[in-house]
Structures are given as C-alpha cells and as structure tokens.
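Colleague: structure for this input, please:
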Amino acid sequence: MSLIYGKCLSVSLAERSKFSEGEIQTFMSVDANRIVNLCNSFHDMWSLPLQIGIALYLLYTQVKFAFLSGIAITILLIPVNKWIANVIAKATKSMMEQKDERIRMTAEILTHIRTLKMYGWELLFGSWLMNTRSEEVKYLSTRKYLDSWCVFFWATTPTLFSLFTFGLYTLMGHQLDAATVFTCVALFNNLISPLNSFPWVINGLIDAAISSRRLCKYLSCFEQETNMEQPSNCSVFSCSNKQNELQDAAVVIHDASCTWSSSDQKEIDLVVDPVNLLIPKGLLVAVVGEVGSGKSSLLNLILGETRLINGSVYRNGSIAYVPQVAWILSGTVRDNILFGREYDPRRYSEVLRACSLDFDISRMMGGDMAFVGEKGFNLSGGQRARLALARAVYHDAEIYLLDDILSAVDAHVGCSILHNAILGPPMNQQTRILCTHNIQAISAADLVIVMDKGHVQWVGNPIDFTFPSDVAFSTIDEVSSCSEVQQQDKRSNISSEIQQKTSEGDVICTPDENQGTDESEARKEGKVEVIVYKSYAVFAGWFITFLTCLSAVLMQASRNGNDMWLSYWVDTSGRNQKPYSTTFYLAILSLFCLANSLLTLVRAFAFAFGGLRAAVKVHDRLLEKLMSAPISFFDLNPTGRIINRLSSDLYTIDDSLPFILNILLANFVGLLGIAVVLSYVQVMFLFLLMPFWYIYRKLQLYYRSTSRELRRLDSVSRSPIYASFTETLDGSSTIRGFKSEDLFLLKFNKHLMTYQRTSYSEVIASLWLSLRLQLLAAFIVSFIAVMAVIGSHEYLPINLGTPGLVGLALSYAAPIVSLLGSFLTSFTETEKEMVSVERILQYMDVPSEEDVGGYPLHPQWPHQGEINFVNVTLKYKPQLPPALCGVSFTIAGGTQVGIIGRTGAGKSSILNALFRLYPTCRGSIMVDGVNIAGVSVRYLRSSFAVVPQAPFLFEGSIRKNLDPLQENMDFEIWNVLEKCHIKEEVEAAGGLDVQLKGSGTAFSVGQKQLLCLARALLKSCKVLCLDECTANVDTETTSKLQKTLATECQGTTVITIAHRISTVMSMDNILILDRGFLVEQGNPRILLEDQSSIFFSFAKASRM
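Modeller: All right, here's what the predicted structure looks like:
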C-alpha cells in the first residue's frame, strides 16, 4: 500500500493518465490485499503437496499398489482442473477490469453527487453503474461456478479414493482388517484438508499473479522529473542570453513542447509547442489568452506535470502552486494553511489579512480550528480559493504559480487580494506567474504573456498590451474613473460602506456553506447481531439457504454412512461372518460415494448461487440508498469512507464471505458427524462431551469477542487509508508543487501503521486460540485411545466396541484437532466478515430524501418560470446559524436576474433552497404558484437547468456528456456548441464521439464550463440557473455568451450567480446578499446611477 501511495505522489498527471482513478483505487483496495493474502498462504504452496505426498506413501505401505487406483482418479482430474484454472484466470482478469470501471464510476458519482442531484441524474447514473456491476457479476459468476466444480472434484476425491482403493484391494485377493481399513480411512481424512485447500491456494496464486502484473505496470510508470537542468542556451522573446541574466531568471523555458499524453501513447497531442521564455526573478507575470489557449498547461509545464517532448525547463527556486480548482484538505482551516510547516503567529495573521480570510474566520464556529470538511464542503467557492492562496503565501516560496484565482472571488475581495497579497508585502519580492482574465491584475503586471492555441503569441509590457473590447465594461468605466488611484485600504472602505447600508448589520449570520465538525466513522461494539445474519440470508434467499444447509447435512451423513458401512464390513470379515458377497459390499459403498458426490455438487452450486444473489442484492440496495440519500449525508461522510464500503466491504461480500461461510458449514456438519459417530461407537465419549463443550465454549466466547472488535477496528482503520488516498489523487500536483511528498507519505504511513497494528493483533489472537485448541484436541484423542485399550480386556463387564468401531472412533478422533480449530477460526472469521455486511447495512438505514409529489402538476410545469421566495430561512445544520435569513423576493417569469454578494454571503444557498438540496427551516418557495415542498424532488430538479460552479464532465463521449438522455439530434447539439463558442474545440478534439478521459482533462476548466452551459441550453427548460459559469472564461467570450443568453433564453427565467459586475449588467434585475440577508435589489443600471447604493460600491471596486 505504501508503494502504491508513494507512486501516486511521484507520478505526473500526464503519466498517470494511462490509468483511470477507478483502476488506481482498485490497486489499493483489492490488488494489494490479494498479494498480502498470498503471503499468508505462501507456505501452503509447498506444504500441501508435501502432505499429500506423505499420505500417499503411507497408503502404499498399507494397501500396496491398490492406492494407484485412487491416484488415477486424481491424475484424471489434473487436466480438468488446469483448464478450469485457466478459465478462472481469464474471468478474474476481466472481472478486475470491470471492477476498476465500477469503482471509477462510483468515485466519479460520489465526487460530483451534489451536481448529479441538481441535474436529477441519480437514477440515470445509478443505472449505468448497475450495468457495469452486471458485467462484473457476469465474470464473478463464471469464477464462482467454476470454483464449485473445483470444490466438487476435490471434495469427492477422498471418497472416490476410498472406494477405488478398497475395491481394488479386495479384488486383488486381500482381506480387509480393522488395522488396514482405518489406518487408510485416517489417511483419507488427512487428505481432505490439503486437497480441499489446494484449489483455493491455486486460485489465490492466480489472483495474486494477475494483481502483481497490474501493480508492476503501475509501479513501473516514469516518475516526475525533480531536477530540471538549466539549458545551455536561451533564445527567447525579448530576452538577452547573457549569463548574469540567466542567473537572475526564475524560470527558463527553452524550445519546450509538452503533451498530456502518457509515455506509452503513440498519438501525441501537443498542448504547448514550442515555447521559449525567460522570466526574471521578482516580477508579476500575467498569462492571458482565450479559453483553452494553454495558460494552465504552461503552469503545469513549469510544475513538471505535463510530459516534456522537446526542450528543457529550468526552475530557480522553491514553488507554491494554487490550482484553478482549489484543492482543500479534509481538516481544519489552520491545517490547510500551515500544510505541515511550523506555526508562526505573526506571519499567520499577516497571511490571513492579506488573503481576506480574517473576517471569514472570525465568523466561523471554532475560528481557524473549524473543520472545513472533505474538499472544503463547509466553505464557499471563494473561501476555498482564498484558503488555497493563503497556503501558498504562508509557504513563502520563491516562485508562485497562480491559476486564475481571482475568478472565484467577488470584485472587492479580488481587489483586496490583488493589492494586499499578490502586490503586497507577503509576495511582492517573489516571482508570481498569474493566469488571469482580470483587467486590474493585467494592468498591474510587470510582464504579460499572451497564449493562443498552445503558442506564446506575444510577450511584453502591459502598457503595450491591447485589452479586448467589452461593451459591458463601458458603463462601469464611467463611474469608476474616479477610483483609478490604488488604495491599500480600499476593501475596508467598501466593507464599511456596505456595513452601513445593511440595516441588519449587527446580526451575525454564517455564510452559505457553514462550518461543521469532523465526523468520525461510527463503529458498533459487541457481537454481530442476529439481524445481520438474517439480512444476509434474505439477500441470498431463504430457499437457497435451506437447500444449502440440507445438502451439507445429507452430504456429511452419506460420508459417515460410508465409513460406518466400512466398519461393518471389517467386523463381519474379522468374524468370518459374511452374510453378503464382496460385490454387495462394494455396491453399497458405491451408492454412498455416489450420494456423497451428488450432494457435494448440489451444495457447491447452491452456495455459489446464493453468494452471487446476495452480492447482487447488497450492491443494488446499497446503491439505491446512496443515490436517494440527502446531501447532508455526503457532507458528513468523506468519499473515501463510502468507497471503502463499495470496494473493500463489497469485495468481502462478493468473495471472502461466501468462501468462509462454505468452510464454516462444512466444519459444522463435519463436527456434528464426528460427535454423532463417536457417541455411537464410544459411549464413554458422552461423559466427556459436556465438560469438553464447556471449555470449548469459554474459549470461543473469549476469542470471538476479541477478534470481532479487532475486525471492526480493522475496517474502521482502513477508511482513513482510502480517504487519504482519494484526497491525494485529487491534489497530487499541489503536493508535488509544494514538495510535500514526504509529509503526506508520513501521514499515510501513520494510518497504515494503525491498520497494521490491528491486523497483527488479529494474527496473534488466532495463534493464541490455535495453541489451546490443539491441547484440548490432544486430550480428546488420548481419552478415546485409553478407553479403547481398556475396553479390549475381557474381564471388563462392559464391551466398549468392536475392532471396527474402535478403529472408526480413532480415525475420527485424529482429525479433530484441525477440525476444531478450523471450525472456531471459520466461525470467528465469518463473524469478522459479517462486519462488512453490518457496515453496509448501516448505510442502508440512511434516510432518503423526501420525494412526496402530492400536487397534481401541469405536464408543462413550470410554463412561465415565476419564482417567489417568501420569508425563507435555511440552515445547513440545526446547531449552526442560518445561511439564509428570512429572504423574500419575486422573479418574474422570463426575466434574467443576477445574484451578487461577498464570498459566503448566501448566493449558492439560494440555489440550494430552490433545488431542495437542503430543507428550509421556515418560509416557502413558489414556482408558478406551486409550493415546491409538495413536488417530487427528482421531478423538481429535472424541471430546471443548471450550470454548477464546478464544471462536471464524466468519462464517456462528448455526445453522452451533453445529452445523456439522448433527447436531441446531432445537428441540435452542434448548433448549441456553436452558440456557446466551443464548437471549434470539440471538432478539433475529434467530434461528438470522442471519449473523454479523467473527467474531461483534454479541456480546460473554462472549456468545461462552456460545455456545461451547452448541456443546460440543450435541456430547454423554463428556469436556467448559472452558478459562476463564466468565472474561468475570458471577458471577450463572456460578452459573446451574454449575447447568446439574451437571444436564446428569451422567455426563460435565468438566475445568474456572479462575481464579475460586468456579467450582471445586462440583467433585468439583481439581488445583493450579505450574511444571508437580501440587502438590495433592483435594475443594475438604475442602481449604478445611485452612488449611495451598495451595487455602486461593488461596481467601483471592480475597476478600483
């Protein structure tokens, strides 16, 4: 596991693209465990053949060459088993591929569950996942049914061995006696365990070999280049190649071409080609360009995340990287800022002020020790961006790579960050490379780099840079000319203006994404409840459960009957009283063997069918529950924790649990058969039975209670491993940029050591039990042997058995050591494996979203798109202050409304309430006169179109991404793509049928937002909600999109959440939120003319 995690930290994003996230998750959750399990059974690979060989030699000493008839049966089965092993290997490989795909889809769904719910696509994606699961189960079924044949062949081999050996021995003219028969019976019994275990060892070896090949392919990936060599010459735009200038350079790029393709891909799509740059130290460099021009790729080239095809890159100094989509650790605010560095109170306070986080943290419950949640779900998008920036600023690096961080915050916060952080004392002496569309940042830069389709189009002074013409800015320019002089305290002035204009300014309200506390994973204590076993039996089917148990009991009865008949045959032969012929004895023996074989086959296939049925039912029920769970459930449960249920726990139910249950049932009926036979042939054994059972019961209760809790601890300690691994997969480029690989590897190893301590304790507990059971079993064998010797004396008044029965008793007592240990071990292991069922059942008890739908709605609802909020109050948790405080407003049907406000003011909470992602505490929301509280949530969400703040593309074709329900023709899709100004990029990528990998990594974040906008327009709904959908798009494209929305969305209600004032200038109305209150609303142009309005303050700040 540590190797896999370490490789994740050292492999670049380009090289990692050859594997899906699902594959990498499977490496950790399944493949690593298979190799560990092989280590546990390593000695079985040589000891089992040795045990079989010794038993066969001892058989030769008893029956001479008659044992070869049994060997012939075994040899005949070798090619059959070889063919089965080959088919199992192929099925396992295909099953693992499908498992990879399922886990990848699962991780994709869980990561974007909020977006999926807003789209109303839970059932759609759930059905796709079910189809993938069906393919996985198809190969799993092949494995299980072939395993059943393996079990049948190997389980019936000892019985057939006995029949053919004794048959041939008597036909050779020998007479059966008690010593020979029961010595052979004991040897046959000794053959059962290794012969039964050997197929599983072979299967484990096959699984481990497949997993080893998969891991070798991953571990052999090229690692990221850590030492970037300085180029010998530098021929760059506007740069001298003097030696002293090279020494003063922060970054030197010489004839560099790069791609996002991995090293084993033949087709190379260059994203930067070629680039020559020399960036001196201490400059602010603005990287500009249209959407998809290669700005982010240039930063990743400097980071080393792309694959360098030609040229060289030299970095002179430490790096701090802030990605376009902020990566937030699951922890406290302070943990995210410090990022493993020592706490310096003075610098820490300076960083908070520079990044405008001091005010937000003061409003959080717990301050900077507040838990931000997985991926920062407790924070707004702007807060996440500023937190990521604060991490970089605190790092005090020599080179800062900032990817469009200003687009995630509102105007005056962006102004404050620009002046207090980027241009302020914390960073003004360092090299800052900023990808941006922000005009103020470009104007303040020392150097501007213009990117166009992967090429550096222009490099120069911002004075010589021609800004794109944008009509939306002209109005703001008229009122902002007075604020061209930059003031350090601009933000505080504006904040005070807004504070004065807010009548409820003294009321403290938390932002729309409130702070919470870390929710540790729940762990049950005590024994696994009977309801868990009952639930599994229900999943498997009561009839199959009954049939399996009945066939197992009858199978054991037939085997015991076989041995009893042998005992009778020996006794009659010894007294020279043979009422029946040898043929008759052999015929009865054959009938017992035939019955045993058929019942073994029935049991094996019934078990396989029941296990598969349970696996399918458990997954389907769990997926159904997760898809209908409220968003609050996913807020409290990290993705890694849920994936642990759907990968490791589900693998247990698929494979491990049926396997160990099968062994448990076989051991139970075996012990039952031994107890019945011993009680029949040795009456004195009944006197030993009760004290023996008492001691055995005490041992197993003590061991079970310990091992059960250890297994629960094992499962719980596994979740942080998967959560940490999932988190690292998302933020590996940031970790490498900060050179924090060692820190994260150390944290992961701590989680791993905790997990290993519980695993080690399980092994020690098992050894403790084994020692005591062997001592107990040795006493039982000794007791029976002593009773047999004493009973053989003629002076005793009680005869303790015939020679045949005594021999049968001794042969049954001999394997009791291993059988007792195996039964208790399998019983305890079953209870441990049942913990996985118990954990999954916990998620099946999760309450579903309210999906009432009691109102009879018009088929075209909503037909006007009128939205009315009436005194709406929204809380994310009962113990937290409200995110929306008595908000009331009306949006007329067919109008376009913008929602603005500071980061965390409650903007996204409006959409959360409208889409019923969280229940409102008070008030009502009406859409076309219908209270949405009475509308089915799926119908409600599917009636709206939305473009989320974080663009969501899934793996699949572009056509499937844009039109997953297949409701539009191709020409309609192309028409919308053209209107969204993304048609050329889709054509260049290969058209609508091109398959997107890695959530659309072939497109930039801005291009993804345009594709999501095209998806929303294709839906043709009466209500369209845009949450910062143009935040990562250049101003020229934004202007074009506004014109598109104006023409294409006539008669559609459009709600736009925006940080850019230019985005809302063309709206019919705007709503301004602050701390959850609606503080101002009206037409933006009218409000702009009123210098006392809050909107005027925002507009002035947007251009300083």
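Colleague: what is the helix or strand where residue 9 lies packed up against?
Modeller: Taking DSSP states H and E as the criterion, residue 9 maps to helix 2-10. Helix 2-10 sits against helix 178-219, helix 685-737, helix 741-791, with contacts defined as 3 or more C-beta pairs under 8 Å, 6 or more residues apart in numbering; DSSP states H and E. Backbone N, C-alpha and C define where each C-beta goes, glycine included.
Colleague: now the strands for the stretch 1-150 of the chain?
Modeller: Counting by DSSP state E, counting those that start in this stretch, the stretch 1-150 of the chain has no strands to list.
Colleague: residue contacts, residue 638?
Modeller: With contact taken as C-beta atoms under 8 Å, 6 or more residues apart in numbering, residue 638 is in contact with 330, 374, 719, 723, 726.
Colleague: quick one: mean pLDDT over stretch 269-286.
Modeller: Stretch 269-286 shows a mean pLDDT of 86.
Colleague: residues of it that come out buried?
Modeller: 270-281, 284-286 (16 or more other C-beta atoms under 10 Å).
Colleague: same check on stretch 202-212?
Modeller: 202, 203, 204, 205, 206, 207, 208, 209, 210, 211.
Colleague: burial of the nearest residue to the fourth one once chain neighbours are set aside, as a residue count?
Modeller: Read that as residue 205. Excluding the flanking residues, the one nearest residue 205 by C-beta to C-beta, 6 or more residues apart in numbering is residue 38, at 6.5 Å. Neighbour count of residue 38, defined by other C-beta atoms under 10 Å: 20.
Colleague: does residue 38 touch residue 204 like I think?
Modeller: Yes. Using C-beta atoms under 8 Å, residue 38 is in contact with residue 204, at 5.6 Å.
Colleague: so which helix or strand takes in residue 1091?
Modeller: Per DSSP H and E, there is no helix or strand for residue 1091.
Colleague: before we move on, what about the one 5 residues further on?
Modeller: Following DSSP H and E, the helix or strand that holds residue 1096 is helix 1094-1102.
Colleague: domain ranges for the chain?
Modeller: What automatic domain parsing lists as the domains of the chain is 2-221+531-836, 243-262+284-445, 860-944+1058-1104.
Colleague: which one of those lies closest to residue 1003?
Modeller: domain 243-262+284-445 (6.7 Å; C-beta to C-beta).
Colleague: now do the closest one: distance to the chain's middle.
Modeller: Counting by C-alpha atoms, centre = their mean, to the nearest Å, domain 243-262+284-445 is centred 28 Å from the centre of its parent chain.
Colleague: what's stretch 530-550 in contact with?
Modeller: Here stretch 530-550 has contacts from 602-603, 606-607, 609-611, 613-614, 617-618, 621, 657, 665, 834, 837-838, 841, using C-beta under 8 Å, 6+ apart.
Colleague: mind listing the helices for the stretch 851-1000 of the chain?
Modeller: 907-914, 937-942, 958-962, 970-979, 983-989 (DSSP state H, counting those that start in this stretch).
Colleague: how far away is residue 966 from residue 365?
Modeller: 46 Å (C-beta to C-beta, to the nearest Å).
Colleague: between those two, who's got more neighbours?
Modeller: Comparing residue 966 with residue 365 by other C-beta under 10 Å, the one with more neighbours is residue 365, at 17 against 8.
Colleague: what helix or strand is the residue most central in space within the chain on?
Modeller: Centroid-nearest residue in the chain: residue 643, 3.7 Å away (criterion: C-alpha atoms, centre = their mean). Residue 643 belongs to helix 639-644 when elements are defined using DSSP H and E.
Colleague: for that helix, which helices and strands make contact with it?
Modeller: Counting by 3+ C-beta pairs under 8 Å, 6+ apart, helix 639-644 packs on helix 67-111, helix 685-737.
Colleague: how far does the last one sit from the chain's center?
Modeller: So that's helix 685-737. The chain centroid and the centroid of helix 685-737 are separated by 21 Å under C-alpha atoms, centre = their mean.
Colleague: relative orientation of that helix and helix 741-791 in degrees?
Modeller: 170 degrees (axes from the mean of the first three to the mean of the last three C-alpha atoms, to 10 degrees).
Colleague: what's the answer for the shortest one, then?
Modeller: For helix 67-111 against helix 741-791, the angle between stretch directions is 150 degrees (the same axes, to 10 degrees).
Colleague: just give the number of residues close to residue 860.
Modeller: Based on other C-beta under 10 Å, the number of other residues close to residue 860 is 10.
Colleague: where exactly do the helices run in the stretch 151-300 of the chain?
Modeller: Counting by DSSP H, counting those that start in this stretch, the stretch 151-300 of the chain has helices at residues 178-219, 243-247, 295-303.
Colleague: where does the stretch 551-700 of the chain dip in pLDDT?
Modeller: Flagging of the stretch 551-700 of the chain using pLDDT under 70 yields the residue ranges 573-580, 682-686.
Colleague: I figured residue 881 hits residue 873, correct?
Modeller: No. At 10.3 Å, residue 881 does not count as touching residue 873 under the criterion of C-beta under 8 Å.
Colleague: neighbours of residue 896, how many?
Modeller: Other residues lying near residue 896 total 23 when counted by other C-beta under 10 Å.
Colleague: relative to residue 1025, how far out is it?
Modeller: Distance from residue 896 to residue 1025, by C-beta to C-beta: 11 Å.
Colleague: list residues touching both of the two?
Modeller: Common neighbours of residue 896 and residue 1025, counting by C-beta under 8 Å, 6+ apart, are residue 1054.
Colleague: avg pLDDT for the helix holding residue 9?
Modeller: On average, helix 2-10 scores 86.
Colleague: from the chain's centroid, how far away is it?
Modeller: Distance, stretch centre to chain centre, for helix 2-10: 17 Å (C-alpha atoms, centre = their mean).
Colleague: quick one, it and helix 741-791 angle?
Modeller: Calculated by the same axes, to 10 degrees, helix 2-10 forms an angle of 170 degrees with helix 741-791.
Colleague: which residues sit against helix 2-10?
Modeller: Contact with helix 2-10 is made by 16, 24, 27-28, 32, 215, 218-219, 221, 223-224, 724-725, 728-729, 732, 735-736, 741, 744-745, 748-749, 752, as judged by C-beta under 8 Å, 6+ apart.
Colleague: that one vs helix 178-219, what angle?
Modeller: Using the same axes, to 10 degrees, helix 2-10 lies at 10 degrees relative to helix 178-219.
Colleague: C-alpha coordinates for helix 2-10, CSV please?
Modeller: As requested, the backbone C-alpha atoms of helix 2-10 are provided in CSV (Å, rounded to 0.1, in the frame of the first residue of the first chain):
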residue,chain,number,x,y,z
SER,A,2,2.8,2.4,0.9
LEU,A,3,4.4,1.7,-2.5
ILE,A,4,1.2,2.5,-4.3
TYR,A,5,0.7,5.7,-2.4
GLY,A,6,4.3,6.7,-2.9
LYS,A,7,4.0,6.2,-6.6
CYS,A,8,0.8,8.3,-6.7
LEU,A,9,2.9,11.1,-5.1
SER,A,10,5.7,10.8,-7.7
